[in-house]
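Novice: Using only what follows, build the 3D model:
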Amino acid sequence: MKKTLRTTSALLAAVIAMSCASFAAFAETEPEAPADAEIVSAPLSGGWKITSGNIAMSKNPDAKAAFKKAVKGLTGVKYEAIAVLGSQVVAGTNYAILCRSTVVVPDAKPEIKIMYIYRDLQGNAEITGFQTIIGTQLMGGFSANDGALSVKSSKTVYNTFKKALRDLDGVSYTPAVYLGSQVVAGMNYMVLCRSKAVSPGAPYQWALVTVGADLDGKASLVAIESLDLGYTDDENEEQAEEAGGEAMVGIANPWSEYKTVSEAAEAAGVEFDAPEKLGSHKIVYIQAIKGIVDVRYEKDGNIITLRKGTGTDDISGDYSEADKTYEKKINGCSVTLKCRGKGVYAAVWNDGKNSYSVFSGKALTESFMEKIIAKMN
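Specialist: Below you'll find the model as predicted:
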């Protein structure tokens, strides 16, 4: 069975000598090609060729015209064309256009798709299929980027990408589009890259590179996936049915998102009544796995994470080196407090039946940390 995405772990990527990260400047809403002297586009699966030169819609007038004709009159879904990834010459031309799509209903979440368009020799155009990159049923919990698409528009994403790929060689990866993020024990970021083996005459290809930043901000390479053009969702589903399997591909996320703490606690099998606010920090994300509830609060870019789980193991996911660590009795429990500078950024404890943890991106005052701990108990 053919697969649209071919997953390679970070370890395997290193073993086969993948990636010397190269970087280029990209516009806020229009991705560009790398600043190499010439781009050699080798045929991909089924005669597809990646776009030679600038991938922005404004720089590819034929593809832009085909897109406008193909989506004219469509209702119910809004499609925002991001970039022209490739083309295929037939009796006319097929185009692969990266899009951000949103169903026109309140609070709908966007998805990232490749729209395939056929334009005949008379200039007529029609949509022939979609290839979902980030959607409600794919990529294991990734949420599509609903803001600026340039990788450099987010300092956190760009710096994480740069650090994660810093020590790899053999293949260069130039970031083109920031596609989306995934909440784990930290954050994962998916970036569409133009890739090229470091060898004479090597062609450019497309790759989905996922990098992560843990709760302490340490960057790592999570996965590298080749992105083949020409495979639609319908084709993948048909192939999966024939093989007796599922069409889902990508990076599995063991966590599930919930709207309320009570729903997450019930799913996890944990009794947890987390506060609605922590000072001025407000809840922005709730997730759970079997045995652990994770609630995140945010204020001015700082995230405070509260966790409660069954058992007595450390569930914080924090393995950073503290400037100082000490024990303190709070509400009858012996709590391990971790310090950075003059503040406390983490706390871990258990009551003999359940484990608890607090982690803050920025160090908090000891008194504020104690108030949080008291509320959790």
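Novice: quick one, helices of the stretch 101-250 of the chain?
Specialist: Taking DSSP state H, counting those that start in this stretch to define them, one finds helices in the stretch 101-250 of the chain at 155-164, 233-243.
Novice: quick one: residue 282 from residue 298, how far?
Specialist: Distance of residue 282 to residue 298, given as C-beta to C-beta, to the nearest Å: 7 Å. (Glycine included, C-beta is placed from N, CA and C.)
Novice: Comparing those two, which residue is more hemmed in?
Specialist: More neighbours surround residue 298 than the other of residue 282 and residue 298, with 16 against 12 (other C-beta atoms under 10 Å).
Novice: Report the buried residues of stretch 298-318.
Specialist: 298, 303-310, 315-318 (16 or more other C-beta atoms under 10 Å).
Novice: Let's see which of those end up in strands.
Specialist: Per DSSP state E, strands hold the following members of the buried residues of stretch 298-318: 298, 303-310.
Novice: Point out where the protein drops to low pLDDT.
Specialist: Low-confidence segments of the chain (pLDDT under 70): 1-46, 136-140, 199-201, 235-254, 318-320.
Novice: Count the neighbours of the closest residue to residue 51 other than its chain neighbours for me.
Specialist: Using C-beta to C-beta, 6 or more residues apart in numbering and skipping the chain neighbours, the partner closest in space to residue 51 is residue 84 (5.0 Å). Neighbour count of residue 84, defined by other C-beta under 10 Å: 25.
Novice: Alpha carbons of the host helix or strand of residue 84, in PDB - could you do that?
Specialist: Residue 84 belongs to strand 77-90 when elements are defined using DSSP states H and E. Below are the C-alpha coordinates for strand 77-90, written out as PDB (Å, rounded to 0.1, in the frame of the first residue of the first chain):
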ATOM      1  CA  VAL A  77     -16.000  26.000   3.300                       C
ATOM      2  CA  LYS A  78     -13.500  28.800   3.000                       C
ATOM      3  CA  TYR A  79     -10.200  28.000   1.300                       C
ATOM      4  CA  GLU A  80      -7.100  30.200   1.700                       C
ATOM      5  CA  ALA A  81      -4.400  29.300  -0.900                       C
ATOM      6  CA  ILE A  82      -0.900  29.400   0.700                       C
ATOM      7  CA  ALA A  83       1.600  28.000  -1.800                       C
ATOM      8  CA  VAL A  84       2.000  26.100  -5.100                       C
ATOM      9  CA  LEU A  85       3.800  22.900  -4.200                       C
ATOM     10  CA  GLY A  86       4.000  21.200  -7.600                       C
ATOM     11  CA  SER A  87       2.500  20.500 -11.000                       C
ATOM     12  CA  GLN A  88       1.900  17.600 -13.400                       C
ATOM     13  CA  VAL A  89       1.600  18.000 -17.100                       C
ATOM     14  CA  VAL A  90      -1.200  15.900 -18.600                       C
END
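Novice: now the residue nearest to residue 178 when sequence neighbours are not counted: how far from residue 282?
Specialist: In space, and not counting its chain neighbours, residue 178 is closest to residue 151: 4.8 Å by C-beta to C-beta, 6+ apart. Relative to residue 282, residue 151 is positioned 28 Å away (C-beta to C-beta).
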